[in-house]
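>>> Here you go, sequence then predicted model.
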Amino acid sequence: MNYPVHIVAVGGLIENDEGKILAIKSPNRGWEIPGGQIEAGESITEGLKREIKEETGIDIEIGNLVAVHSNIGYRAQPHENNRIGTIVSFGFTGKAISGELATSSESLEVKWFDRKQILNVINEEFTRDKVRYMLNYDGRVAYLVFSRAPYILHNVQYL
């Protein structure tokens with residue numbers, strides 16, 4: 001029996017004391033909120049803190065789980081022809097508690113954006129949708145099901 005493979009990822013809608021949102025400029029996707037894949041043996045919350053620190057230099061306090069994103073489309077492994085699993089990503093709010101903005105190999109730039117401006121700087125439609133639902137958190141977790149290439153938002157539910 002072949003077991004399905006799902007990549008587990010996280011993203012953080014991180015605010016500073018002025019209410020601005022932390023974003024990175026990815027070498028591949030442009031502006032987005034920080035986050036990434038969870039490593040083997042790592043909890044989701046540990047992975048979120050690690051990813052944000054690595055990509056931005058900022059230490060965070062995690063807030064609420066506000067969204068779950070299911071990318072149900074398979075994708076090719078970079079530089080190979082084999083398909084890798086779908087991605088399930090957990091979106092959290094959070095608060096910056098210390099650190100200085102710093103770039104990395106995954107972040108060409110790191111900036112704080114006004115909540116009203118953040119969606120305007122995000123180029124990729126699927127990333128804009130993810131962040132839009134996270135910004136509009138009303139106490140219910142948004143569950144988005146989508147695929148990419150081309151981007152299709154298949155379903156949105158509130159849990």
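That came in fine, so what should we check first?
>>> who's in contact with the residue lying closest to Ala67 once chain neighbours are set aside?
Closest residue to Ala67 apart from its sequence neighbours, by Cβ to Cβ, 6 or more residues apart in numbering: Gly91 at 3.7 Å. Placement of C-beta: from N, CA and C, glycine included. Gly91 makes contact with 10-13, 35, 65-69, 130, 133-134, according to Cβ atoms under 8 Å, 6 or more residues apart in numbering.
>>> let's go with 10 Å and repeat that
9-13, 33, 35, 48, 64-69, 130-131, 133-134, 137, 141-142, 144 (Cβ atoms under 10 Å, 6 or more residues apart in numbering).
>>> tell me which residues in stretch 139-154 are buried?
141-142, 144, 146-147 (16 or more other Cβ atoms under 10 Å).
>>> where along this protein do the helices fall?
If DSSP state H is used as the criterion, the helices of the chain fall at 44-56, 118-121, 125-135.
>>> Ile152 touches Gly73, doesn't it?
Yes: the pair Ile152 / Gly73 is scored as a contact, 8.4 Å apart, by Cβ atoms under 10 Å.
>>> any residues in contact with both of these two?
Joint contacts of Ile152 and Gly73 (Cβ under 10 Å, 6+ apart) are Phe146.
>>> Quick check: the residue nearest to Ala67 vs Thr45, distance?
13 Å (Cβ to Cβ, to the nearest Å).
>>> who touches both of these two?
Counting by Cβ under 10 Å, 6+ apart, the contacts common to Gly91 and Thr45 are 10, 65.
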